[in-house]
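Colleague: This is a predicted model, with the sequence first.
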Amino acid sequence: MNRKVCFQWRAGNCSRHPCAFLHTELSSQPQQHRMSNSNAASSKRPAGFTNDHSKVPRRNTNFNNKWGRVHGRAAKKMDGVCNFWIQGNCKFGDGCKFKHSWCTGPFSLLTQLQGHTKVISGITLPSGSDKLYTGSKDETVRVWDCQSGQCAGVTNIAGEVGCMLNEGPWIFVGLPNGVKAWNAQTATDLSLNAPGGQVYAFVVGNDLLFAGAQDGTIFAWKYNVSMNSFEPAASLKGHSSAVVTLVVGANKVYSGSMDTTIRVWSLETLQCVQTLTEHSSVVMSVLCWDQFLLSCSLDKTIKVWFAAESGNLEVTYTHSEEHGLLALCGMLDAESKPVLMCSSNDNSIRVYDLPSFSERGRIYSKQEIRSIQIGPGGLFFTGDGAGEVRVWKWLTEATSTA
């Protein structure tokens with residue numbers, strides 16, 4: 001046996017039997033050597049992790065230090081499935097040492113909804129409805145019956161669907177230079193003018209509908225009940241390129257753009273109060289969780305932001321991946337624990353516990369997953385670049401193990 005410790009064993013994924021290296025720590029190392037290893041380990045904390053308490057409010061100091069850590073150790077990652085099987089050409093069959101499954105983790109695939117021919121750009125399930133709506137760059141919106149899983153209708157739209165959102169009975173569809181608004185209860189069909197190119201993102205806050213457009217403008221409308229119409233309220237300008245993601249939290253609107261920045265807008269004044277420039281590529285998705293803002297980018301990082309004592313947002317933790325990141329979705333698992341789903345351009349979704357970023361599982365697809373949507377009763381939906389929509393359900397840990 002070699003007197004060196006197996007680094008694959010230390011990471012928890014050695015598959016060699018027998019292994020030429022030790023599967024145990026050396027107990028007879030000199031004290032000085034053990035100290036140097038300890039120092040080296042502490043220097044390998046994920047980039048952006050900080051113990052500088054002056055940069056975050058003191059009341060949350062301990063919580064901030066939990067980002068990316070599991071009982072004081074770095075969170076572990078999981079092995080993947082067979083990429084050849086995903087593409088349909090694995091030659092090893094049941095003898096393959098990698099998993100032949102569309103997912104690893106505590107969730108199961110219930111069904112696949114096929115009909116779209118291009119990338120899925122929006123998924124929405126209105127509250128209390130038995131219909132699922134999906135939009136695609138194939139210029140259609142499809143309606144699916146939640147009981148049968150069958151397509152109940154197809155609406156052809158003059159233009160690619162850039163995003164979708166539902167709020168109350170309203171379903172909003174982002175189109176080139178405009179927004180289509182449908183009322184699922186009254187069948188009202190409205191068209192909102194947004195002369196900024198393709199609409200890529202929606203969010204609702206303070207009774208306003210916001211839409212991010214291709215030219216960097218964020219359009220805002222307010223609903224007029226008496227007139228049953230949406231009236232223009234403002235145009236927020238500041239981004240130099242397309243706004244592709246929006247979220248509302250802490251009385252602010254956060255916008256992520258292809259210009260690599262995140263802008264923070266006051267919901268009361270609709271003025272930009274801060275510009276975040278720490279990402280080095282397109283900011284693809286932003287979301288709010290607890291007191292934190294999370295963002296992901298094609299620069300292969302997820303950044304966690306927190307308001308310092310000055311009131312400005314600062315990065316308190318950075319999680320790095322091997323590939324560019326496309327979308328974030330936060331939800332609760334079957335045991336009501338907070339988890340983060342992160343879509344990557346390697347055609348997979350990583351699922352992490354928060355705030356530890358310990359990996360719970362992965363979801364795989366033949367093409368990149370652009371849309372993730374939460375459903376009721378532990379359901380969630382994904383849409384990929386091939387136009388396929390999949391329905392998933394969270395399992396309890398006990399059920400998953402069984």
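Modeller: That came through fine.

Colleague: buried residues in the longest strand seen in the chain?
Modeller: For the chain, the strand that runs over the most residues, judged by DSSP state E, is strand 189-205. Buried positions in strand 189-205, judged by neighbour count with 16 or more other Cβ atoms under 10 Å: Leu192, Ala194, Gly196, Gln198, Val199, Tyr200, Ala201, Phe202, Val203, Val204, Gly205. Placement of C-beta: from N, CA and C, glycine included.

Colleague: Give me the helix or strand of this protein that scores worst on average pLDDT.
Modeller: In the chain, the helix or strand scored least confidently by mean pLDDT, DSSP states H and E is helix 31-42, which has a mean of 33.

Colleague: returning to what we had before: of the buried residues of strand 189-205, which is the nearest to Cys151?
Modeller: For the buried residues of strand 189-205, the closest approach to Cys151 (Cβ to Cβ) belongs to Phe202, at 23.7 Å.

Colleague: before we move on, the earlier item: using PDB, list the CA coordinates for the longest strand of the chain.
Modeller: The C-alpha trace of strand 189-205 is given here as PDB (Å, rounded to 0.1, in the frame of the first residue of the first chain):
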ATOM      1  CA  ASP A 189     -57.500  39.600 -24.100                       C
ATOM      2  CA  LEU A 190     -55.300  42.700 -23.900                       C
ATOM      3  CA  SER A 191     -52.200  43.900 -25.700                       C
ATOM      4  CA  LEU A 192     -49.700  46.100 -23.900                       C
ATOM      5  CA  ASN A 193     -47.200  48.200 -25.900                       C
ATOM      6  CA  ALA A 194     -43.500  47.800 -24.900                       C
ATOM      7  CA  PRO A 195     -41.300  49.200 -27.800                       C
ATOM      8  CA  GLY A 196     -38.000  47.900 -26.500                       C
ATOM      9  CA  GLY A 197     -37.600  44.700 -28.500                       C
ATOM     10  CA  GLN A 198     -38.200  41.200 -27.100                       C
ATOM     11  CA  VAL A 199     -39.700  41.100 -23.600                       C
ATOM     12  CA  TYR A 200     -37.600  38.700 -21.500                       C
ATOM     13  CA  ALA A 201     -38.700  39.100 -17.900                       C
ATOM     14  CA  PHE A 202     -41.700  39.900 -15.700                       C
ATOM     15  CA  VAL A 203     -42.400  40.700 -12.000                       C
ATOM     16  CA  VAL A 204     -45.200  42.200 -10.100                       C
ATOM     17  CA  GLY A 205     -44.700  44.500  -7.100                       C
END
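
Colleague: pLDDT of that strand, averaged?
Modeller: The pLDDT scores in strand 189-205 average 97.
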